[in-house]
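>>> one predicted model, sequence on top.
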Amino acid sequence: MSELTVETRDLEDVTLLYPKGFINAHTVRLFETALQKAVDERRFKIVVNCSGLTYIASAGLGAIMGAIEEIRASGGDLRLTELNETVLNIFEILGFDRLYRIFPSEMDAILSFREGMAS
Amino acid sequence: MSELTVETRDLEDVTLLYPKGFINAHTVRLFETALQKAVDERRFKIVVNCSGLTYIASAGLGAIMGAIEEIRASGGDLRLTELNETVLNIFEILGFDRLYRIFPSEMDAILSFREGMAS
Amino acid sequence: MAKASLLLWIPSDTSYLGLVRDVTKKMAEHAGFDSGTADRVALAVDEAATNALEHAYQGATDKEVEVRFEDRGAEFRVDVVDTGQMVDPRAVPRVDLARYVSERRTGGLGVHLMEKIMDSVTFRRSARRNICCLVKRKGSGGTEGA
Amino acid sequence: MAKASLLLWIPSDTSYLGLVRDVTKKMAEHAGFDSGTADRVALAVDEAATNALEHAYQGATDKEVEVRFEDRGAEFRVDVVDTGQMVDPRAVPRVDLARYVSERRTGGLGVHLMEKIMDSVTFRRSARRNICCLVKRKGSGGTEGA
Ligand SMILES: Nc1ncnc2c1ncn2[C@@H]1O[C@H](COP(=O)(O)OP(=O)(O)O)[C@@H](O)[C@H]1O
Ligand SMILES: Nc1ncnc2c1ncn2[C@@H]1O[C@H](COP(=O)(O)OP(=O)(O)O)[C@@H](O)[C@H]1O
C-alpha cells in the first residue's frame, strides 16, 4: 500500500524520474516537488520513466502541464517512457500523446535528446 | 474474472488436477466433479497442483474431506503441491497441513507415490 | 466521522461471493491490515456470507444479503445480515479436527475458520434479521497460523 | 433486487481517494466491464471525488463524501455526493486542448476526463447536497480512446 515514491537519477545532462505507485490528488505534491527540483537545478532534459506507475489522475497531468512551459522555453523537454496500458490510455483519452513524446524504452527516450547532435 | 477451471492430466498411475482461479461455494461443484471423476475411474493417486489457485474457502476443503476416505481406503492418497501463501495459510489455520501431505514441487509430489517402491 | 465505512447489498446468489471477498480485502487493506491478514479477513467474510446463502436462505436466490463494514480505528468490524431462517448460535457445532476425518464430515469448517481468523465472531437475531458480527483488532496480525 | 449495490462513505481527505478507486474498480469489474474499462471508470470516480474534496469542501478534511454504486443491468451508475458549496454546472469550464498549453492552464482536466470516459456526467443540487452522477452503459466499452 505504499502510495508514491519518486526516485531521481542524473545521467549526464538528462534527468530521469521514476515515480513508483500512483499519482492522484493525494500524492501529486511529491511528484510535483521532484519535477520542480529538476527545473530549479536547471536540468531541463527530463525523462519520466513510468514503469512503476500504476495509474495517474488529472492532478498528475496538471503537474506536468504546470512545468512544461518553463522546461521547453529553456530549450529542454519532458519525455515519457514505459507507460503501462492504463497510463498510456489516459494520455490518449486526453490527447496528451500529441503534446508529449512517448518512447517505448528508456534508452530511446534518453537518446532522443541526442537527436539534434547526430552525425 | 474467469472464476474456476480444472484441468486433469494422467501421468502413468498418478492423476494431476490443476484448479485455476478460486474455489468457494460458487465454484466448488466444478472442483468436486473433477475430483469425483478421478475416483470413479479408480485413479486414487491424486496430486492437486495449486499453482493457479488464488484462494480456497471451506467449501473447497470440504470437497477434499468428502473424497479422502474412499481414496485412502482404496490404497491411494490426495497430495498437494505449489500452494501460494494465501492457500497454504488456510491449510495451516485449519491444521489441514497435518491431514494432507504438501510438497514444494509437482515432481516431489509425483515421486512421493513411488516411495514404497524405492530401491 | 474519522474513518471510512461501507454498505454492500448482494442478491442471495453465490456468484456474488467473489465481490464480497474483493470488497472486503480492499476495505481491510485500507484499514491498515497487511495483505495476508486482509486475505484472511476476506475469507472469514466470504464464509459468513456463504452461510447466510446456504443455511439462512437455504439456497433461495431471490433474497438479499447486506454486508456492513466499519473501520473503527482500533478495530475493523464487519456485519453480515440476512432476513432468512433463525440461527441458533448454540446449535452451530464446533469442529474437533482430530475426530474430523474419522467422522467423515465435510461441513462445519466455515465457522471454525471464521473464529480462527477473527478476534470475535458473534451471531444475534434482531428485527427478524440474522446478524453475524466479525471483529478484527488492529495489531492482532499474524497470530492465527495453525 | 437483481444486482449488487454499494454505499461508501469517506472522510473528506485525499488519503481515501485510493479506496474510492479500488472499490470502484472491483464494482465495475463485477458489473461486467473488462479490466481496462473498469480502470477508466475508477479514474472518473476518483476525479469526481477529488472535485468534491477540492472544490466543494475546499480542502476541509472534517466533512464526508458519499459514493453510491448501482449495477442497473444495462448500465452502471455512480453518484458522488457532498454537502459542500454549491456547484454551478454551467460554470464548470470545458477544456480546449489545442489552446490548453498556450493558456498555461493546469486545471479543468478532471471534468474533461470524466466526460470522455463515461456515457453521461451530470451535476445537480438537491437537499443541500451536490450530486455528481456518472453513468457508463455496458457494451460502450473501448470507444473512448483519443
Ligand atoms: N447463517 C447461518 N444460518 C443458519 N445456520 C447456520 C448459519 N451459519 C452456520 N450455521 C449452522 O452451522 C453449521 C456449521 O456452519 P459452517 O461451519 O459454516 O459449516 P458448513 O456450512 O460447511 O456446514 C451449519 O451446518 C449450520 O447448521
Ligand atoms: N464538485 C465541484 N464543486 C465545485 N466546483 C467544481 C466541482 N467540480 C468541478 N468544479 C469546478 O470545475 C472546474 C474544473 O474542474 P476539473 O475539471 O476537475 O479541474 P480542476 O479540479 O483541476 O480545476 C474546477 O476548477 C471548479 O471550478
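Thanks, I have the structure now. Numbering: from 1, shown residues only, chains lettered A, B, ... in the order given. Ligands and ions are numbered 1, 2, ... in the order given.
>>> host element of residue 59?
Using chain A. Assessed by DSSP states H and E, A:Ala59 sits inside helix A:58-73.
>>> that's the wrong chain, I meant chain C
Counting by DSSP H and E, C:Gly59 is part of no helix or strand.
>>> wait, it touches C:Ala52, no?
No - counting by CB atoms under 8 Å, C:Gly59 stays clear of C:Ala52, with 11.2 Å between them. C-beta here means a position set from N, CA and C on the backbone, and glycine is covered the same way.
>>> pick out whichever of these two has more residues nearby.
Shown here are C:Gly59 and C:Ala52; by other CB atoms under 10 Å in any protein chain shown, C:Ala52 has more neighbours (25 against 10).
>>> sorry, back to before: C-terminal to the helix holding A:Ala59, what's the next element?
Heading C-terminal from helix A:58-73 (DSSP H and E), you reach strand A:77-81.
>>> mind listing what's buried in the helix holding A:Ala59?
A:58-68, A:71 (16 or more other CB atoms under 10 Å in any protein chain shown).
>>> which one of those is nearest to B:Gln36?
Of all those, the one sitting nearest B:Gln36 is A:Gly60; the distance, using CB to CB, is 52.6 Å.
>>> ok, the closest one touching A:His26?
No - assessed by CB under 8 Å, A:Gly60 is found out of contact with A:His26, at 10.8 Å.
>>> could you pick out the longest strand of chain A?
Secondary structure of chain A per DSSP state E: the longest strand is strand A:14-23.
>>> do the next helix or strand after that strand and ligand 2 come into contact?
Downstream of strand A:14-23, the first helix or strand assigned by DSSP H and E is helix A:28-40. No - using CB under 6 Å from any ligand atom, we find that helix A:28-40 stays clear of ligand 2, coming within 10.4 Å at best.
>>> could you pull up the mean pLDDT of helix A:28-40?
Here helix A:28-40 scores 98 as its mean pLDDT.
>>> how big is the angle separating that helix from strand A:14-23?
Counting by axes from the mean of the first three to the mean of the last three CA atoms, to 10 degrees, helix A:28-40 lies at 170 degrees to strand A:14-23.
>>> keeping just the C-alphas, turn stretch C:35-44 into PDB.
What follows is stretch C:35-44, C-alpha atoms only, in PDB (Å, rounded to 0.1, in the frame of the first residue of the first chain):
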ATOM      1  CA  SER C  35      -2.100  -8.200   2.500                       C
ATOM      2  CA  GLY C  36      -2.000 -11.600   4.200                       C
ATOM      3  CA  THR C  37      -4.300 -10.600   7.100                       C
ATOM      4  CA  ALA C  38      -6.600  -8.800   4.600                       C
ATOM      5  CA  ASP C  39      -6.800 -12.100   2.700                       C
ATOM      6  CA  ARG C  40      -7.800 -14.000   5.800                       C
ATOM      7  CA  VAL C  41     -10.400 -11.400   6.900                       C
ATOM      8  CA  ALA C  42     -11.900 -11.600   3.300                       C
ATOM      9  CA  LEU C  43     -12.100 -15.300   3.700                       C
ATOM     10  CA  ALA C  44     -13.900 -15.100   7.000                       C
END
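>>> which other residues reach that stretch?
B:55, B:57, B:85-86, B:89-90, B:93, C:21-22, C:24-25, C:28-29, C:33, C:76, C:78, C:113-114, C:117-118, C:121, C:134, C:136, C:141-142, C:144 (CB atoms under 8 Å, 6 or more residues apart in numbering or on different chains).
>>> where are the low-confidence patches of chain A?
A:1, A:116-119 (pLDDT under 70).
>>> quick check: the residue of chain C nearest chain A.
Proximity of chain C to chain A (CB to the nearest CB) peaks at C:Glu29, 6.0 Å away.
>>> remind me, longest helix of chain C?
Under DSSP state H, the helix in chain C containing the largest number of residues is helix C:35-51.
>>> state the mean pLDDT of that one.
Here the average pLDDT along helix C:35-51 is 97.
>>> show me what the helix or strand just after that helix is packed up against.
Where DSSP H and E defines the elements, the next helix or strand beyond helix C:35-51 is strand C:64-71. Contact partners of strand C:64-71 among helices and strands, from 3 or more CB pairs under 8 Å, 6 or more residues apart in numbering or on different chains; DSSP states H and E: strand C:5-11, helix C:17-30, helix C:35-51, strand C:75-82.
>>> name the helices or strands packed onto the last one?
Contact analysis of strand C:75-82 by 3+ CB pairs under 8 Å, 6+ apart lists helix C:17-30, helix C:35-51, strand C:64-71, strand C:129-137 as its packing neighbours.
>>> can I get it as CSV, trimmed to CA atoms?
Extracted in CSV, the C-alpha atoms of strand C:75-82 (Å, rounded to 0.1, in the frame of the first residue of the first chain):
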residue,chain,number,x,y,z
GLU,C,75,-10.7,-2.5,15.2
PHE,C,76,-12.3,-3.4,11.9
ARG,C,77,-15.9,-4.6,12.1
VAL,C,78,-18.0,-6.4,9.5
ASP,C,79,-21.7,-7.4,10.0
VAL,C,80,-23.2,-9.9,7.6
VAL,C,81,-27.0,-9.5,7.7
ASP,C,82,-29.7,-11.7,6.3
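>>> give me the sheet partners of it and which way each runs.
According to DSSP bridges, strand C:75-82 forms sheet pairs with strand C:64-71 (antiparallel), strand C:129-137 (antiparallel).
>>> could I get the contacting residues of C:Ser120?
C:133-135.
>>> out of those residues, which comes closest to B:Val14?
C:Leu134 (40.2 Å).
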